[in-house]
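1. When you get a sec, could you give me coordinates for this:
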Amino acid sequence: MASDTPPTAQAYGAQERAAIYRAIDERRDMRHFAGGSVAPEVLTRLLTAAHHAPSVGFMQPWRFIRVRSRALREQLHACVEVERQRTADALGERRDGFLQLKVEGLLDAAEVFAVALADGREAHVFGRRTLPEMDLASVACAIQNLWLAARAEGLGMGWVSFFDPADVARLLQLPPGARAVALLCLGPVHGFYEEPMLARERWARRAPLASVVFDDGWRRQADWLDRA
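-> Okay, here's the model as predicted:
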């Protein structure tokens, strides 16, 4: 049933909307951290935000493991370093440029969380019969929620994906069927990058919006974008 309430009456106020768009615009994949700590009540707020993410079939496939052991951090860092070197070798002529990039802050960040897909996901068919990867999409939504909440709290966060999932699963003692998908570095930073780090380092640039938005079919230009 259609609502009689006009959309503008349900919208947030101008300041609230501006804060949301600001967090989206200023969110950065951080690699440089300033140590320090994150208060337990802040961690609780951040993880609550993550846990309120949408998930297909309401399956909530995310699992967050807080890495508190320094020895375990160092083992995870070693896994990342192995994959960093392998990635560099796979990049051919861009190898040296890649190796100059800082790709993680596992030993510097105040907090490290491993994020895994839960076991038993095959039991969830709702929304996944033809798109089983929607469990990963749901976890990505949870990570994005956490990322935006962290930015609102003045904390940096970086998503590290340079690792062999089997190695991380072994270190974290994941059950059969679970799968590690992210290592998150979280904590105070000296400052947020003015632009994404890979754009700043001229590794890549943001594509124009018009190149990724189409009307009624692939590559059909959305002319209304120009007018907007």
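
2. which residues of this structure score low on pLDDT?
-> 1-5, 228 (pLDDT under 70).

3. change it to 90
-> Applying pLDDT under 90 to the chain flags the ranges 1-9, 226-228.

4. all helices of it, in order?
-> 7-10, 14-26, 40-51, 70-90, 95-99, 134-152, 165-172, 197-200, 224-227 (DSSP state H).

5. okay, the ones you listed in a markdown table with distance to Ala34 next?
-> The C-beta positions use only the backbone N, C-alpha and C, and glycine is treated the same way. Formatted as a markdown table, the helices of the chain follow (distance: least, C-beta to C-beta, whole Å):
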| stretch | distance to Ala34 |
| --- | --- |
| helix 7-10 | 39 |
| helix 14-26 | 17 |
| helix 40-51 | 15 |
| helix 70-90 | 17 |
| helix 95-99 | 24 |
| helix 134-152 | 14 |
| helix 165-172 | 25 |
| helix 197-200 | 16 |
| helix 224-227 | 39 |
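
6. which one of the ones you listed has the most crowded surroundings?
-> Among the helices of the chain, helix 134-152 has the highest mean neighbour count (mean count of other C-beta atoms under 10 Å), at a mean of 21.

7. okay, the angle between that helix and helix 40-51?
-> 140 degrees (axes from the mean of the first three to the mean of the last three C-alpha atoms, to 10 degrees).

8. sorry, back to before: list just the one of the helices of the chain that sits closest to Gly217.
-> Gly217 sits nearest to helix 224-227 of all those, at 15.2 Å, using C-beta to C-beta.

9. Mind giving me the packing neighbours of that closest one?
-> With contacts defined as 3 or more C-beta pairs under 8 Å, 6 or more residues apart in numbering; DSSP states H and E, helix 224-227 has no helix or strand neighbours.

10. sorry, back to before: of all the helices of the chain, which lies closest to Gly187?
-> That would be helix 134-152 among the helices of the chain, by C-beta to C-beta, at 9.0 Å.

11. Which residues does that closest one contact?
-> 19, 23-24, 26-28, 45-47, 49-56, 59-62, 115, 117, 121, 124, 127-128, 156-157, 159, 181-182, 184, 186, 192 (C-beta atoms under 8 Å, 6 or more residues apart in numbering).

12. Nothing else from me, thank you.
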